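1. Turn this into a model:
(one chain, ligands or ions: 1)
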Amino acid sequence: MGAAPPPPVSANCPLCGTAVGAEGARCPSCGLYLGPESGRPNPFTQRVLWALVAGVLAVYLLTLAGVALLA
Ligand SMILES: [Zn+2]
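-> Residues are numbered from 1 along each chain as shown. All right, here's what the predicted structure looks like:
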């Protein structure tokens with residue numbers, strides 16, 4: 001009749017290969033947490049954050065220098 005239902009989402013533990021029920025679960029064998037981008041932060045995001053901080057700091061220092069020159 002209709003289309004077959006999609007297969008249940010299942011994942012295998014990358015560490016020990018045990019089948020884990022769904023994403024966002026914990027491996028029952030070794031306890032490894034399987035989650036979508038959770039755990040340690042992305043280094044690229046951290047780099048962008050530092051670049052933003054440096055940019056804001058540069059603008060702040062330039063503004064201070066401009067005020068000091070005008071005063
Ligand atoms: Zn495991």
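
2. Break this structure down into its domains, please.
-> Recorded structural domains for the chain (assignment: automatic domain parsing) are 1-39, 40-71.

3. State the mean pLDDT of the longest one.
-> Taken as a whole, domain 1-39 has an average pLDDT of 74.

4. What parts of the chain come near the ion?
-> Within the chain, the positions near the ion by Cβ under 5 Å from the ion are 13, 15-16, 18, 27, 29-30, 32. No exception for glycine: its C-beta is placed from N, CA and C like everyone else's.

5. Buried ones from these, can you make that a PyMOL selection?
-> Selection of the buried residues among those in PyMOL, burial being defined by 16 or more other Cβ atoms under 10 Å:
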select buried, resi 13+27
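
6. Can you list which of the residues of the chain next to the ion are found in strands?
-> Among the residues of the chain next to the ion, no member falls in strands (criterion: DSSP state E).

7. Turn the residues of the chain next to the ion into CSV, including distance to Ala71.
-> Converted to CSV, the residues of the chain next to the ion look like this (distance: Cβ to Cβ, whole Å):
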residue, distance to Ala71
Cys13, 64
Leu15, 62
Cys16, 67
Thr18, 68
Cys27, 63
Ser29, 68
Cys30, 64
Leu32, 60
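
8. deepest of the domains of the chain, which one?
-> Of all the domains of the chain, domain 1-39 has the most neighbours on average by mean count of other Cβ atoms under 10 Å, namely a mean of 11.

9. what's the helix or strand for Ala65?
-> Element membership of Ala65 [criterion: DSSP states H and E] is helix 43-70.

10. what distance separates that helix from the centre of its chain?
-> 24 Å (Cα atoms, centre = their mean, to the nearest Å).

11. any idea of the mean pLDDT for it?
-> Computed over helix 43-70, the average pLDDT equals 90.

12. My read is that Ala19 contacts Asn12, right?
-> Yes: using Cβ atoms under 8 Å as the test, Ala19 is close enough to Asn12 to be in contact (5.6 Å).
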